[in-house]
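**Q** I need the structure of the sequence given here:
(one chain, ligands or ions: 2)
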Amino acid sequence: MSRRSSAFIGVGLAVLLVLPLLSSSFYITVLNNIGMYALATLGVVLLTGVAGMTSFGQAAFVGLGAYTTAALIGPSVLNLGAMAGIPWIALGLGLLITLAFAFVLGLLTLKLSGHYLPLGTIAWGMSLYSLFGTLESLGSHTGIADLPPLKIAGVVFGDGPRMYYLIWGSVLLAALLIRNLLESRMGRAIRALRGGQEMATSMGVDVFRAKMVVFLIAAGLAGISGWLYAYTQRFVSPAPFNVQSGIDYLFMALLGGVTSLWGALIGASIVVLLREWLQDLLPLLLGRAGNFESIVFGLLVVLVMQRWPGGVYGALSTLLARGLKLGPRHATRLPAPDASMPVPPLPRRARPNPGERVLDVRGVTKRFGGLVANNAVSLQVDAGEIMAVIGPNGAGKSTLFNLISGVMAPNEGDVIFRGHRVNGQSPRLLAAAGLSRTFQHVKLLPEMTVLENAALGAHLRGRKGVFASALRLDGEDEGRLLSEARAQLERVGLGEFLDRPAGSLALGQQRVLEIARALCADPCLLLLDEPAAGLRLKEKEALAELIRKLRAEGVAVLLVEHDMDFVMGLVDRIVVMEFGQKIAEGLPEAIQRDPAVLKAYLGADVGADVGADVGGGGE
Ligand code: ADP
Ligand code: MG
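**A** Ligands and ions are numbered 1, 2, ... in the order given. So this is what the prediction gives:
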């Protein structure tokens, strides 16, 4: 961790520690509310800001935790408040019920795409709210009152400073565990969700599972917040858990800054404090009673989103960095640069024998309605061979790539990878079997560091999961993954940019970063979609050198490329496509003189040299 962030955290902790000593009991109550909101808002930040899933349903999960607790300890319901250990039973049961609900709702909604997931969260928010309000045994809409205070080992927590320390201790612990998680193998997989499903699965990430993990963590945080709420308020009713409150949590996250864990704390503080003040002030100013603060909040969120998409946290950190002339933020975990604690390298997969057939595409046809994008195309690539697929725009090259990489299945024909028929098999399984790829349109996570982006490629070579990461028990695993990422980055010439955000690299360097990420998976077949696009001459030469080195190691390389100078000097064989058909295949020299190829590219049978003339033609 950098000295700067340690200093900030130290000051923040000191303030939190002495705050209740300086505050009136009214403000301690306010601080307790902020803490409980912040805890649940952490879940919203994780869902919405980190994983890209908008949820309006967080309040309902808080309600589940609160109602479970109230039902157990409430004198009007089970009345177990005096039982030994009941707080822990309530916490455990509350979490269990919250997580069970979240799991079922996750199964139903996480596969939905686009606007359906947010709509789904509204739907369950409404149903749970109605459930709380209808069940007679839970006091219908009047709720459950007269709950006993929290008592652990003879200590009564009440709603004052003791409760304050418990609430804020929970917030800080949760933030710490989540930060640990996000800076790990599983964390990278979760953050990859924002980069799109296609990229994440190609890296071997189980997208559904990663979404479910985030979903359960968010629900669990809400459940704990609900437990604290029941003991602090000592009264629960349905109103605080309706969809309006779900929107409030989202407001807090957006206002505070949805991409940072700090955003949850800042957002909860702003909303709770402002609401306290505005509720008193606005009716005085306007001379009448009413919920005017809601209007102010609505306007505030619109304004903040307009001016600072990163929320108040984003604006503050930019201001601070500018004021103190600080450089970009650094990742907190980097592999040890020296061999002070040597990590054994990751094991490598069994190499195909030299000359072994790695990829065998047999007469694949792909139709889009009436359009035949690939018509009975066949090609083979062996270990230690570089093959290029070239052809004019719309020839069907990307479609062929998609058929090979499992993005879609062919209508006819077979794709055989390392001896197995893999038609339409999930890109995740293909990645596990040794197929890695880059994308024609770069798919990186711009805010993640170069090192972390590369390490995502090694996802399937690590083992540690959520709990080990959150508790930082993944040291060795993580060290090996990051060392591998570092080694591959140094190999492709990006070694000096390890802790820079990927989005700050030039486009050419981002392409090279994608190659390093693909190499982190230890592939035996590498698919490169226009690797040289946007590279300068020197970078192209370095890239060609790298690809030759991979060939020498026995990797099979299949690339689509428009830059003929690059292709002709590098590859072993070329397949030429036009209108979905393979029109030629052979050695570069032969292709350059092939009349059909010349006709396809130049529209006439001129005897010009393809190498000089076909260059442009980007998509
Ligand atoms: P290339 O990569 O060689 O430029 P593509 O494989 O992208 O060519 O496209 C081949 C043809 O298939 C084009 O006519 C394109 O419009 C069409 N096509 C590609 N993908 C789809 C799709 N998902 N749905 C419908 N048509 C598609
Ligand atoms: Mg294409």
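**Q** going by C-alpha atoms from here, please, whenever you check contacts or count neighbours.
**A** Noted.
**Q** wasn't Gly12 part of a helix?
**A** Yes - counting by DSSP: H, G, I helix; E, B strand; the rest coil, Gly12 falls inside a helix.
**Q** what residues are up against the residue nearest the centre of the chain?
**A** Centroid-nearest residue in the chain, with Cα atoms, centre = their mean: Arg191, separated by 1.9 Å. Counting by Cα atoms under 8 Å, 6 or more residues apart in numbering, Arg191 touches 50-51, 182.
**Q** same thing with Gly256?
**A** 262-268, 270, 311-313.
**Q** likewise for Gly263?
**A** Neighbouring residues of Gly263 by Cα under 8 Å, 6+ apart: 45, 253-257, 311-313.
**Q** could you measure from it over to Met36?
**A** According to Cα to Cα, to the nearest Å, Gly263 and Met36 sit 14 Å apart.
**Q** one more: Glu539?
**A** To Met36, Glu539 is 52 Å away according to Cα to Cα.
**Q** tell me which of these two has more neighbours.
**A** Met36 (27 against 17; other Cα atoms under 10 Å).
**Q** so which elements touch the helix or strand where Leu108 lies?
**A** Taking DSSP states H and E as the criterion, Leu108 maps to helix 86-109. Helix 86-109 sits against helix 58-73, helix 116-134, helix 207-233, with contacts defined as 3 or more Cα pairs under 8 Å, 6 or more residues apart in numbering; DSSP states H and E.
**Q** now the shortest one against helix 207-233, angle please.
**A** So the one you mean is helix 58-73. With axes from the mean of the first three to the mean of the last three Cα atoms, to 10 degrees applied, the angle from helix 58-73 to helix 207-233 works out at 50 degrees.
**Q** how far off centre is helix 58-73?
**A** Here the centre of helix 58-73 is set off from its chain's centre by 29 Å, with Cα atoms, centre = their mean, to the nearest Å.
**Q** and it, what does it pack against?
**A** The contact analysis (3+ Cα pairs under 8 Å, 6+ apart) places helix 58-73 against helix 25-44, helix 86-109, helix 116-134, helix 207-233, helix 243-256.
**Q** ok, now the second one?
**A** Packed against helix 116-134, as judged by 3+ Cα pairs under 8 Å, 6+ apart, are the following elements: helix 58-73, helix 86-109, helix 243-256.
**Q** just the angle between the last one and helix 116-134, please?
**A** Taking the same axes, to 10 degrees, one finds that helix 243-256 is oriented at 130 degrees with respect to helix 116-134.
**Q** now the next helix or strand after helix 243-256: mean pLDDT?
**A** Downstream of helix 243-256, the first helix or strand assigned by DSSP H and E is helix 261-286. Mean pLDDT, computed over helix 261-286, is 90.
**Q** pLDDT wise, what is Asp609 at?
**A** Here, the pLDDT recorded for Asp609 equals 44.
**Q** how about Pro337?
**A** pLDDT, Pro337: 48.
**Q** quick one on the thing from earlier: PyMOL command for the buried members of the contacts of Gly256?
**A** Selection of buried members from the contacts of Gly256 for PyMOL, criterion 16 or more other Cα atoms under 10 Å:
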select buried, resi 262+263+264+265+266+267+268+270+311+312+313
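**Q** quick one on the thing from earlier: quick one: closest of the helices and strands packed on helix 58-73 to Leu429.
**A** Evaluated over those, closeness to Leu429 peaks at helix 207-233, with 12.4 Å, by Cα to Cα.
**Q** nearest to Leu284 among the contacts of Gly263?
**A** Comparing those against Leu284 with Cα to Cα places Leu255 closest, at 25.8 Å.
**Q** what about the closest one, how many neighbours?
**A** Burial of Leu255 is recorded as 30 neighbouring residues (other Cα under 10 Å).
**Q** got phi/psi on His562?
**A** Per-residue torsions, His562: phi -100, psi -20 (degrees, to the nearest 10).
**Q** would you check how far apart it and Arg511 are?
**A** Separation of His562 from Arg511 (Cα to Cα): 15 Å.
**Q** repeat for Ser317
**A** Distance from Ser317 to Arg511, counting by Cα to Cα: 29 Å.
**Q** between those two, which one's more packed in?
**A** Legend: neighbour count by other Cα under 10 Å for Ser317 and Arg511, higher for Arg511 (27 against 13).
**Q** which SSE is the more buried one in?
**A** With DSSP H and E as criterion, Arg511 is part of helix 507-519.
**Q** list the buried residues for that helix?
**A** 508-519.
**Q** give the burial count for Leu78, as a bare number.
**A** Neighbour count of Leu78, defined by other Cα under 10 Å: 12.
**Q** which ones are touching it?
**A** Listed by Cα under 8 Å, 6+ apart, the contact set of Leu78 reads 71-72.
**Q** name the SS class of it, please.
**A** Using three-state DSSP, the structure places Leu78 in coil.
**Q** which bits of this protein sit near ligand 1?
**A** Within the chain, the positions adjacent to ligand 1 are 368, 373, 393-399 by Cα under 6 Å from any ligand atom.
**Q** closest one to ligand 1 out of the buried residues of helix 507-519, please.
**A** Nearest to ligand 1 among these: Arg511, at 17.5 Å, using Cα to the nearest ligand atom.
**Q** once you drop chain neighbours, what's closest to Gly419?
**A** Take Gly419 and drop its neighbours on the chain: the residue closest to it by Cα to Cα, 6 or more residues apart in numbering is Val358, 7.4 Å away.
**Q** hang on, isn't the one you found packed against Asp382?
**A** Yes - at 5.1 Å, Val358 and Asp382 qualify as touching, with contact defined as Cα atoms under 8 Å.
**Q** just give me the neighbour total for Arg491.
**A** 13.
**Q** SS state for the closest residue to ligand 1 within the stretch 101-250 of the chain?
**A** Going by Cα to the nearest ligand atom, ligand 1 is nearest to Glu198 of the stretch 101-250 of the chain, at 13.6 Å. Three-state call for Glu198 (three-state DSSP): helix.
**Q** secondary structure class of Arg472, three-state.
**A** Secondary structure state of Arg472, per three-state DSSP, is coil.
**Q** meant to ask about Val364, not that
**A** Under the three-state scheme (three-state DSSP), Val364 adopts strand.
**Q** ok, the residue nearest to it when sequence neighbours are not counted - contacts?
**A** The shortest distance from Val364 to any non-neighbouring residue, by Cα to Cα, 6+ apart, is to Gly413 (4.1 Å). Counting by Cα under 8 Å, 6+ apart, Gly413 touches 361-365, 376.
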